[in-house]
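*Asks:* here is a sequence together with a model predicted from it:
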Amino acid sequence: MSAVAELTVEVAGAPARVLHAAGEGGPVVLIHGASGCADSWRGTLGAWSGQDVWAPDLPGRGGSAGPARDRAEATAAWLGELAEVCGWRRPVLVGHSYGGAVALQAALLDPDRWGGVALVASGGRLRVSPAILAAVAESSPDAPFRLDAAFGPGTPAAVVEAYAEATRSVPPTSALADWRACDAFDVLARLEEVRCPTLVVYASDDALTPPKHQRAMAARIPGAIEVALEGFGHMLPWEAPGAVARAVQAWRAGH
């Protein structure tokens, strides 16, 4: 894997931080989920070796100034501005969970900007249980909301802990905005409008975004390809980073 560079650019008058591992081909942009940040991808970047990979901090965390957006549409618009500033030409968006919602919304807002969208453990609607919203609202910098339960049961404890440590600095207010954006997200009525090449990657043991919903989403997006990975949970990019990266690479090569 090439060295990981940290870049700070200006988007709409505010700083935005992006990690970049240079490689071949067009850019691949990894979009983290709710409560996440760019640094959560660091441990997985080796799996994307050879590809030109970018991972931004969404607004409100890390080196990207807030406030965090509480609607996927607003975050997708910000992402379009970031793409312009970074000079990405038809990048492929790889979004995990809420990041997938942002990618899907971006595809609907400006389909000609993107080379494709890969939706990983995501959905066309992302309802959040009141218990999760309450837990995030009650979290604090000293006791942040953790996603341990979203990992599959076979995930090594070290992987779960590494993810928690990487995302520990995300402000609770930003995490709450993310989860509220998830809860408000619903483009089920517009899935047939998606014009970007689309890949849907899901895990057999995902309790937060069940496979049946992801299969139904893939069936409604024109030309969408689906890949099922057995034995993993919702945190698929960290549980099986190599499998996710290979699925994306194979799909890119085919369209």
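*Replies:* Here it is on my side, so go on. Note that the structure is predicted; figures quoted are calculated from it, not measured. Numbering: from 1, shown residues only.

*Asks:* C-alpha from now on. contacts and neighbour counts both.
*Replies:* Will do.

*Asks:* so what touches stretch 240-255?
*Replies:* Applying Cα atoms under 8 Å, 6 or more residues apart in numbering, the contact partners of stretch 240-255 are 44, 47, 48, 118, 197, 199, 201, 227, 229, 232, 236, 237.

*Asks:* okay, buried residues for that stretch please.
*Replies:* 240, 241, 242, 244, 245, 247, 248, 251, 252 (16 or more other Cα atoms under 10 Å).

*Asks:* now the two most distant members of those residues.
*Replies:* Maximum pairwise distance among the buried residues of stretch 240-255 (Cα to Cα): 18.6 Å, between 240 and 252.

*Asks:* just the ones of the buried residues of stretch 240-255 in helices?
*Replies:* Counting by DSSP state H, the part of the buried residues of stretch 240-255 found in helices is 241, 242, 244, 245, 247, 248, 251, 252.

*Asks:* want to throw the residues you listed into CSV with distance to residue 68?
*Replies:* Compiled in CSV, those are given as follows (distance: Cα to Cα, whole Å):
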residue, distance to residue 68
241, 26
242, 30
244, 27
245, 28
247, 30
248, 28
251, 31
252, 31
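
*Asks:* and residue 134, how many neighbours?
*Replies:* Per other Cα atoms under 10 Å, the neighbour tally for residue 134 reads 11.

*Asks:* quick one, what contacts it?
*Replies:* If a contact means Cα under 8 Å, 6+ apart, then residue 134 has no contacts.

*Asks:* all helices of the stretch 1-150 of the chain, in order?
*Replies:* 72-86, 98-109, 130-137 (DSSP state H, counting those that start in this stretch).

*Asks:* winner for burial among these?
*Replies:* Comparing the helices of the stretch 1-150 of the chain by mean neighbour count (mean count of other Cα atoms under 10 Å), helix 98-109 comes out on top with a mean of 26.

*Asks:* quick check: residue 164 touching residue 150?
*Replies:* No: using Cα atoms under 8 Å, residue 164 makes no contact with residue 150, being 11.7 Å away.

*Asks:* picking that back up, who wins on neighbours among the contacts of stretch 240-255?
*Replies:* residue 118 (32 neighbours).

*Asks:* near residue 184, how many other residues are there?
*Replies:* 16.

*Asks:* quick check: residue 32 touching residue 38?
*Replies:* Yes: using Cα under 8 Å, residue 32 is in contact with residue 38, at 6.7 Å.

*Asks:* count of neighbours near residue 13?
*Replies:* A total of 8 residues lie near residue 13 under the criterion other Cα under 10 Å.

*Asks:* quick check, pLDDT for it.
*Replies:* On pLDDT, residue 13 comes in at 92.

*Asks:* phi first, then psi, for it.
*Replies:* phi 80, psi 10 (degrees, to the nearest 10).

*Asks:* check the secondary structure at residue 212 for me.
*Replies:* helix (DSSP: H, G, I helix; E, B strand; the rest coil).
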